[in-house]
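Asks: Attaching a predicted model along with its sequence, questions to come.
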Amino acid sequence: MIEYIDEAPTLEEYKEMRKAVNFMVLSDRIASNALNNAFHITTVRDNGRAIGMIRVLSDGSYANFITDVMVIPEYQHKGIGRTLMQRTMDFMRGTLEEGETIVLYLMSATGKEPFYKQFGFRERPNEVWGAGMSQWISK
């Protein structure tokens, strides 16, 4: 039975899901901090097994970043990612009071842009915003 639970997966589950979807390997310290410092997390479970998740990072105000949108391969293309995004969009709208506006950012994997467009996300650059930019740093 598929369940959407607004709580973090375990550290081990998080690392296993990241590996299953070919996301970067994280140290236990970094992965634990990622889970513990998120503003909002939804984990998808099938009979208790973690099969997908989504995280939101936030300044508690107007700037919010959706990350770790992942569904393990054998559960992809079944509407789970769409449900994760819709639930997260609904949650974020629920944080607002009348007349307030916030921004949601995300970084799409190459080729996945159409998935996010269905939720109203726009590619950058466009007529309003310049290119999104990022940088990985290592030690």
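Replies: Yep, it's here. No experiment lies behind these values; they were computed from the predicted model shown.
Asks: wait, isn't residue 39 in contact with residue 61?
Replies: No. Taking contacts as CB atoms under 8 Å, residue 39 lies outside contact range of residue 61: 10.7 Å. The way it works is simple: take the backbone N, C-alpha and C, and place the C-beta from them, glycine included.
Asks: What residues sit buried inside stretch 8-21?
Replies: Within stretch 8-21, the residues that count as buried by 16 or more other CB atoms under 10 Å are 8, 9, 13, 14, 15, 17, 18, 20.
Asks: swap in stretch 33-52?
Replies: Within stretch 33-52, the residues scored as buried using 16+ other CB under 10 Å are 34, 35, 38, 40, 41, 42, 43, 44, 45, 50, 51, 52.
Asks: before we move on, what SS does the first one have?
Replies: The assignment at residue 34 comes out as helix when based on DSSP: H, G, I helix; E, B strand; the rest coil.
Asks: Go through the buried residues of stretch 33-52 and flag which are in helices.
Replies: Counted as lying in helices by DSSP state H, out of these, are 34, 35.
Asks: thought residue 65 was touching residue 56?
Replies: Yes. With contacts counted by CB under 8 Å, residue 65 reaches residue 56, the gap being 7.0 Å.
Asks: Of those two, which one has the most company?
Replies: Between residue 65 and residue 56, counting by other CB atoms under 10 Å, residue 56 is the more crowded of the two (20 against 16).
Asks: I'd guessed that one sits against residue 88; true?
Replies: Yes. In this structure residue 56 lies within contact range of residue 88 using CB under 8 Å: 6.3 Å.
Asks: Look up the residues that both of the two are in contact with.
Replies: Common contacts of residue 56 and residue 88 (CB atoms under 8 Å, 6 or more residues apart in numbering): 40, 66.
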